[in-house]
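Chemist: curious how this folds, go ahead:
(one chain, ligands or ions: 2)
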Amino acid sequence: MVGIKYEDFLDTSYEPVDDELVCRFRIQPASDMTVEDAASRVASESSNGTWAELQVDGEVRDLSATAFDIDVEETDAAGGDPAEIAVAYPDALFEPGNMAQVLSCIAGNIMGMKAVDRIRLVDCTWPEPLATSFAGPLFGSSVREEFFDAGDRPILATVPKPKVGLTTDQHVQVGYDAWTGGLDLLKDDENLTDQSFNPFQERLTESFAARDRAQEETGEPKSYLINVTADANTMLDRVDDVAAAGGEYVMVDVITTGWAAVQSVRERCERHGMAIHAHRAMHAAFDRLPEHGVSMRVLAQIARLCGVDQIHTGTADLGKLENEDTYGINEWLAGDLHGLNDVLPTASGGLHPGLMPELLDRLGTNLCIQAGGGVHGHPDGTHAGAKAFRAAVEAAAEGVPLEERARDHPDLETAIEMWGTETPR
Ligand SMILES: O=C(O)[C@@](O)(COP(=O)(O)O)[C@H](O)[C@H](O)COP(=O)(O)O
Ligand SMILES: [Mg+2]
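Modeler: Ligands and ions are numbered 1, 2, ... in the order given. Alright, predicted model coming up:
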């Protein structure tokens, strides 16, 4: 039998081994706590320790995490200085392929410990055994070639606005106008699911009928990010319904449904060869305060492991919503992760044609770009708004100044006159 107590979870000479998950936390120790004491408690409470000294078998001891790196940020603030710490977690602590269990360790009780005034899970380094125990994306950015002839340009999506309240007929008409105006994707808003004013089954059937007409008319492949968000069983039924209707995608509000449900949807989508568009509504409840919570970088990592193909990552501060490090997150989503597919970032929120050159300059073209107000707010309506959006992105991707392209593109000219290159507030 061996005793384990908080101090045993701190060892700054420790070198993590290859199959260990390494998490970096930003902590603000409580005023009566040294950073070492706080770090040992983070490692203990997020693995197999607790406040009382325990007598355990050796094997149990082996499941203990180790805080092995402490980087204090000197400040003149009262109380302890904040610090970034690194904790290594043994592979055997985790159930392979179970994201909810992993998060109950690394983002569980520690988020509420009195030993720290604030704690933020900032970044993770995922080892091969744990990472490859997850499905990962089925397509990732290859959706651009698999489903569309987009070539070098980003794929373009629009959400009918107002976000809820349109009838199914109105929704479908907006979709048809957007698709025939040159957009690749119609997208449901995060809070549109199966409400009486626009029921899911009718919306599904009639939208895909309109999609087929639009493909006929334009000769271009079109698709629909239909929101299947609901309880897990209902979501799986809706995935099957979308497959039966000939859909290529489903959209899921991944934060509000939870990662366990996302993993089940991923499994069902594989059966049908379908892609998952992840909306991150509620992410800011986790990531907005820089000193506390879970960073969007880590949320994006979790989404990739759980198998989404596209996820919203922000507009590099060009749009209406706060963004955290869009560039860094997009880079990680495109990077190697033990052979798992990449994820296509989605830029959305306050975007309009005038912002496209700067957006592509900052984030490149390996993107899905969504504009709702930036299309349906066009004075000449959705079809004109869609044409302006497509023209702006094509010009930006070709390096042609918008003003020049607008000379022979009146809808684009109108959009630029209307919104200029301003970021909406
Ligand atoms: O409801 C909205 O606000 C949007 O539909 C954008 O509409 P607009 O194009 O009309 O702004 C998206 O949900 C946000 O972009 C989500 O934020 P993020 O992409 O940051 O997750
Ligand atoms: Mg929305």
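
Chemist: so what pLDDT did the single nearest residue of the stretch 51-200 of the chain relative to ligand 1 get?
Modeler: In the stretch 51-200 of the chain, the residue that lies nearest ligand 1 is Val159 (4.4 Å; CB to the nearest ligand atom). (Glycine included, C-beta is placed from N, CA and C.) Per-residue confidence at Val159 stands at 98 (pLDDT).

Chemist: check the secondary structure at the nearest residue to Asp123 once chain neighbours are set aside for me.
Modeler: Nearest non-adjacent residue to Asp123, counting by CB to CB, 6 or more residues apart in numbering: Arg24, 4.5 Å away. Counting by DSSP: H, G, I helix; E, B strand; the rest coil, the backbone at Arg24 sits in strand.

Chemist: is Arg24 bridged to anything, and to what?
Modeler: With DSSP bridges as the criterion, Arg24 is bridged to Ala86, Asp123.

Chemist: do stretch 168-177 and ligand 1 meet?
Modeler: No - against ligand 1, stretch 168-177 shows no contacts by CB under 6 Å from any ligand atom, the least distance being 12.6 Å.

Chemist: not counting its own residues, what contacts that stretch?
Modeler: Residues from elsewhere that reach stretch 168-177, judged by CB atoms under 8 Å, 6 or more residues apart in numbering: 158, 160, 166, 186, 198-199, 202-203, 206-207, 209-211, 213-214, 224, 376, 381-383, 386.

Chemist: and stretch 323-337, by the same measure?
Modeler: Residues contacting stretch 323-337 (CB under 8 Å, 6+ apart): 126, 131, 136, 141, 287, 295-297, 300-301, 304-305, 311, 313-317, 342-345, 347, 362-364, 366.

Chemist: out of those residues, which are buried?
Modeler: Buried residues within those, defined by neighbour count using 16 or more other CB atoms under 10 Å: 126, 131, 136, 141, 287, 295-297, 300-301, 304-305, 311, 313-316, 342-345, 347, 362-363, 366.

Chemist: just the ones of the residues you listed in strands?
Modeler: Assignment to strands by DSSP state E places the following of the buried ones among the contacts of stretch 323-337 there: 311, 344-345, 347.

Chemist: and the stretch 101-250 of the chain, which residues reach ligand 1?
Modeler: Checking the stretch 101-250 of the chain against ligand 1 by CB under 6 Å from any ligand atom, the hits are 159, 161, 163, 189-190.

Chemist: residues in a beta bridge with Gln28, which ones?
Modeler: Per DSSP bridges, residues listed as beta-bridge partners of Gln28: Arg118.

Chemist: so how many other residues sit close to it?
Modeler: Close neighbours of Gln28, defined as other CB atoms under 10 Å, add up to 23.

Chemist: over to Glu73?
Modeler: Neighbour count for Glu73, taken as other CB under 10 Å: 11.

Chemist: that one and Pro29 touch, don't they?
Modeler: No - counting by CB atoms under 8 Å, Glu73 stays clear of Pro29, with 11.7 Å between them.

Chemist: sticking with Arg271, tell me its helix or strand.
Modeler: According to DSSP states H and E, Arg271 maps onto helix 259-272.

Chemist: can you check Ala386 too?
Modeler: With DSSP H and E as the test, Ala386 turns up in helix 382-398.

Chemist: helices or strands next to that helix in the packing?
Modeler: When contacts are defined as 3 or more CB pairs under 8 Å, 6 or more residues apart in numbering; DSSP states H and E, helix 382-398 sits against strand 155-158, helix 168-180, helix 356-363, helix 373-376, helix 402-407, helix 410-419.

Chemist: need the ones you listed in TSV (columns: distance to ligand 2).
Modeler: As requested, those are exported to TSV (distance: least, CB to the ion, whole Å):
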stretch	distance to ligand 2
strand 155-158	11
helix 168-180	14
helix 356-363	18
helix 373-376	10
helix 402-407	25
helix 410-419	19
